[in-house]
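Novice: Sequence plus predicted model, see below.
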Amino acid sequence: MVERYVMSIDQGTTSTRCILFDHGGRLVSVAQREHQQYFPRPGWVEHDAVEIWRNLQRVVPEALLNARIDASQISAIGIANQRETTVLWDRRTGVPLVRAIVWQDTRTAPLVDELRRDPGEEFFLDHCCLPPSTYFSAPRIRWLFDNVDGLERRARNGEVLFGTIESWLIWNLTGGTDGGLHITDATNASRTMLMDIRTLTWDDALMEFFGVPRPMLPEIRSSAESYGEARALLPGVRITAALGDQQAALFGQTCFSPGEAKCTYGTGSFLVMNTGTDLVRSEHGLLTTVAYKIADQPTVYALEGPIAVTGSLVQWFRDRLGLIHSAPEIETLARTVEDNGGCYIVPAFSGLFAPHWRSDARGVIVGLTSYITKGHLARAVLEATGWQTREVVDAMNADSALALKQLKVDGGMTSDHLLMQILADVLDVPVVRPLVAETVSLGAAYAAGLAAGYWPDLKVLRRNWHRAAQWLPDMDPGRREWEYSCWKRAVERSLGWIQPTQRS
């Protein structure tokens, strides 16, 4: 019998990957290409959506070739994507009208400040459960309408399509200008500030407020169902799943029960807790989001705490300060000292995300003395990720009755064993890393395979999950709380650094 596989397309912030998985959830083949990052002004981050599509056209055949199979052996395609990144393209030509504005971009900060004042945060929380933030798509659409001549008029004439990256890729895969499907899934739509998170439909009041015409918005579908067949790259193969990358990681970590949580440690870090079919509205600075929706089953919700800068702090330490030559060296350097020497780094390079949501914050290093060495700084870099995670976990525990018992982790930073021990120590819970590290890709594959009947149910997926490593807390409680209090004092010093007149 011919072996069949599920294909996962993981379109991330820095690269596009195509990974094939077998019935055991094992990685069979992978192909990856990076795309260029554009920084035209301070705080601006852009991608070329055409380059991303072209990269996908390269990695798909490469992954098939590496596995020595052809498209007929692919049972289904699942897509995971960087979520809030905003693409606007011409419906007739298929050409993006501007570069994609990336989730990290902060150009909408002045507009977000206005939204907080009028109509105020409660208006948005009531409609979409999201606070005004530079993080989300709707303020970017409004900014583009206000700053690109003729764009809003063209959108109102039905000439412009909007989507996050999965919408752009599905549209191209299913025909593009020749009948391509213009759809999104509920997890991605829940990050736009335009969707009613209770009904999973576009919200009339939000569309009117931002001036977004309905014809430019994609159709909202569940996270796992048969969307249609690909016509490009993999003709005839069904696309059966799409999830935002962090929801895909939650799914790949098999966090299917309320209270189960994962954190993905990459450029930024994203802690997500399953809250079941109960929609928990955060009162402590977290985001209420759709975790996933399988076909016509009830929607599963989650609380999320996004942290803007974690892995990118290590990159800064390497590339800007030149104190290490490769990212893994930071662990070796940090182990040359026993503690941080009283030094704390708050990496608010473009503001703070959860649970603070302060775009006026900027990075600070506090506690510097002549005693501090580069080893202490390296330790403070790693501890910054630990303490930022602790802030999010405290907020989650306060918001829900589901106190965190264990944290499943994934992402590139989990190869740093010292960081993993720091996490266990500051959180006072076990930290667990799975055998299959590619949980974002695996989650998209799992959802696609479920919808296509490749896997029968969630129980089978749980049996596929295996632990590779575990770190247990080993820190004196008194020291833990003292260090945490010092961290919070450091955070206070980062706030209010940028004044409104300084913003571009």
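Specialist: That came through fine. Numbering: from 1, shown residues only.
Novice: what's the single longest helix in the chain?
Specialist: Ranked by residue count under DSSP state H, the longest helix found in the chain is helix 374-399.
Novice: From the contact counts, what lies against it?
Specialist: Packed against helix 374-399 by the contact rule (3 or more C-beta pairs under 8 Å, 6 or more residues apart in numbering; DSSP states H and E) you find strand 261-265, strand 269-276, strand 300-307, helix 311-319, helix 329-334, strand 344-346, helix 417-427, helix 477-494. C-beta: built from backbone N, CA, C; applies to glycine.
Novice: next helix or strand past it?
Specialist: Moving toward the C-terminus from helix 374-399, the first helix or strand encountered (DSSP states H and E) is strand 407-410.
Novice: so what strands line up beside that following strand?
Specialist: Using DSSP bridges, the strands paired with strand 407-410 in its sheet are strand 261-265 (parallel), strand 431-434 (parallel).
Novice: want to try a markdown table for these, with mean neighbour count and distance to Ala327 as columns?
Specialist: What follows is these, written out as a markdown table (neighbours: other C-beta atoms under 10 Å; distance: least, C-beta to C-beta, whole Å):
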| stretch | mean neighbour count | distance to Ala327 |
| --- | --- | --- |
| strand 261-265 | 27 | 12 |
| strand 431-434 | 22 | 17 |
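Novice: if I pick the closest residue to Cys129 other than its chain neighbours, what's in contact with it?
Specialist: Here the nearest residue to Cys129 in space, its sequence neighbours aside, is Thr288; by C-beta to C-beta, 6 or more residues apart in numbering that works out to 4.0 Å. In this structure, Thr288 makes contact with 129-130, 197, 279-282, 301-304, judged by C-beta atoms under 8 Å, 6 or more residues apart in numbering.
Novice: and Thr288, what are its phi and psi?
Specialist: When quoted as degrees, to the nearest 10, the phi and psi of Thr288 stand at phi -90, psi 130.
Novice: Could you tell me what pLDDT the model assigned to it?
Specialist: pLDDT recorded at Thr288 is 93.
Novice: How about Asn340?
Specialist: At Asn340 the predicted local confidence, pLDDT, stands at 96.
Novice: May I ask you to confirm that it is in contact with Ala378?
Specialist: No: counting by C-beta atoms under 8 Å, Asn340 stays clear of Ala378, with 9.3 Å between them.
Novice: Only alpha carbons, please: show the helix or strand that Ile79 is a member of as PDB.
Specialist: Per DSSP H and E, Ile79 falls inside strand 74-81. Extracted in PDB, the C-alpha atoms of strand 74-81 (Å, rounded to 0.1, in the frame of the first residue of the first chain):
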ATOM      1  CA  ILE A  74      -0.500  14.000   0.200                       C
ATOM      2  CA  SER A  75      -3.800  13.400   2.000                       C
ATOM      3  CA  ALA A  76      -4.300  17.100   3.100                       C
ATOM      4  CA  ILE A  77      -2.700  20.500   3.500                       C
ATOM      5  CA  GLY A  78      -2.700  22.500   6.700                       C
ATOM      6  CA  ILE A  79      -1.500  26.000   7.000                       C
ATOM      7  CA  ALA A  80      -0.100  27.800  10.100                       C
ATOM      8  CA  ASN A  81       0.800  31.500   9.800                       C
END
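Novice: Surely Ser29 is within a strand?
Specialist: Yes: assessed by DSSP: H, G, I helix; E, B strand; the rest coil, Ser29 belongs to a strand.
Novice: I figured it hits Leu20, correct?
Specialist: Yes: at 4.5 Å, Ser29 counts as touching Leu20 under the criterion of C-beta under 8 Å.
Novice: Show me which of those two is the more surrounded one.
Specialist: A direct count of neighbours by other C-beta atoms under 10 Å for Ser29 and Leu20 places Leu20 higher, at 23 against 19.
Novice: Relative to Trp471, how far out is that one?
Specialist: Distance of Leu20 to Trp471, given as C-beta to C-beta, to the nearest Å: 31 Å.
Novice: Likewise for Gly120?
Specialist: Distance from Gly120 to Trp471, counting by C-beta to C-beta: 42 Å.
Novice: returning to that earlier point: packing partners of the strand holding Ile79?
Specialist: Under the contact criterion of 3+ C-beta pairs under 8 Å, 6+ apart, strand 74-81 touches strand 5-11, helix 165-173, strand 238-244, helix 245-252, helix 439-452.
Novice: Neighbours of the residue nearest to Gly12 when sequence neighbours are not counted, how many?
Specialist: The spatially closest residue to Gly12, leaving aside those adjacent along the chain, is Gln82, at 5.6 Å (C-beta to C-beta, 6+ apart). Using other C-beta under 10 Å as the criterion, Gln82 is surrounded by 24 other residues.
Novice: got it, and the one 4 residues further on?
Specialist: Applying the criterion other C-beta under 10 Å, we find 25 residues in the vicinity of Thr86.
Novice: list the contacts for it?
Specialist: Applying C-beta under 8 Å, 6+ apart to Thr86 gives the contacts 100-101, 137, 140-141, 144, 162, 164.
Novice: Just give me the residue closest to the centre of this protein.
Specialist: By C-alpha atoms, centre = their mean, the chain has its centre lying nearest to Gln246, at 4.6 Å.
Novice: Looking at that one now. What's its pLDDT?
Specialist: 94.
Novice: same question, Met195
Specialist: pLDDT, Met195: 97.
Novice: just checking, it touches Asp203?
Specialist: Yes: in terms of C-beta under 8 Å, Met195 counts as a neighbour of Asp203; the distance is 6.3 Å.
Novice: Neighbour count for those two, which is higher?
Specialist: Under the criterion of other C-beta under 10 Å, the comparison of Met195 against Asp203 puts Met195 first, with 27 against 20.
Novice: Once you drop chain neighbours, what's closest to that one?
Specialist: On the basis of C-beta to C-beta, 6+ apart, the spatially nearest residue to Met195 that is not a chain neighbour turns out to be Ala189, at 4.4 Å.
Novice: Tell me how many other residues crowd Asp90.
Specialist: Taking other C-beta under 10 Å as the criterion, the count of residues near Asp90 is 14.
Novice: ok, and the closest non-adjacent residue to it?
Specialist: Nearest-residue entry for Asp90: Leu97, 6.1 Å, with adjacent residues in sequence omitted and distances by C-beta to C-beta, 6+ apart.
Novice: Over to Leu233?
Specialist: For Leu233, the closest residue by C-beta to C-beta, 6+ apart turns out to be Val60, at 4.9 Å.
Novice: got a list of what that neighbour touches?
Specialist: The neighbourhood of Val60, defined by C-beta under 8 Å, 6+ apart, consists of 7, 9, 18, 31, 233-234.
Novice: ok, it to Thr164 distance?
Specialist: Computed as C-beta to C-beta, the Val60 to Thr164 distance reads 20 Å.
Novice: And Leu151, by the same measure?
Specialist: With distances taken as C-beta to C-beta, Leu151 is found 18 Å from Thr164.
Novice: where are the low-confidence patches of the stretch 1-150 of the chain?
Specialist: Using pLDDT under 70 as the threshold, the predicted model of the stretch 1-150 of the chain has low-confidence ranges 1.
Novice: could you pull out the helices for it?
Specialist: Taking DSSP state H, counting those that start in this stretch as the test, the helices found in the stretch 1-150 of the chain are 49-67, 109-115, 121-128, 137-147.
Novice: For Glu229, which of those is the nearest?
Specialist: Of all these, it is helix 49-67 that lies closest to Glu229, at 14.8 Å by C-beta to C-beta.
Novice: Output that closest one in PDB with nothing but the alpha carbons.
Specialist: Extracted C-alpha coordinates of helix 49-67, given in PDB (Å, rounded to 0.1, in the frame of the first residue of the first chain):
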ATOM      1  CA  ALA A  49       3.900  39.000   0.200                       C
ATOM      2  CA  VAL A  50       5.000  38.100  -3.400                       C
ATOM      3  CA  GLU A  51       8.300  36.900  -2.100                       C
ATOM      4  CA  ILE A  52       6.600  34.700   0.500                       C
ATOM      5  CA  TRP A  53       4.300  33.200  -2.100                       C
ATOM      6  CA  ARG A  54       7.400  32.500  -4.400                       C
ATOM      7  CA  ASN A  55       9.200  30.900  -1.400                       C
ATOM      8  CA  LEU A  56       6.200  28.600  -0.900                       C
ATOM      9  CA  GLN A  57       6.400  27.600  -4.600                       C
ATOM     10  CA  ARG A  58      10.000  26.600  -4.000                       C
ATOM     11  CA  VAL A  59       9.700  24.700  -0.600                       C
ATOM     12  CA  VAL A  60       6.700  22.600  -1.500                       C
ATOM     13  CA  PRO A  61       8.500  20.700  -4.400                       C
ATOM     14  CA  GLU A  62      11.700  20.500  -2.300                       C
ATOM     15  CA  ALA A  63       9.900  18.800   0.600                       C
ATOM     16  CA  LEU A  64       8.300  16.300  -1.800                       C
ATOM     17  CA  LEU A  65      11.700  15.600  -3.400                       C
ATOM     18  CA  ASN A  66      13.400  15.100  -0.100                       C
ATOM     19  CA  ALA A  67      10.800  12.500   0.900                       C
END
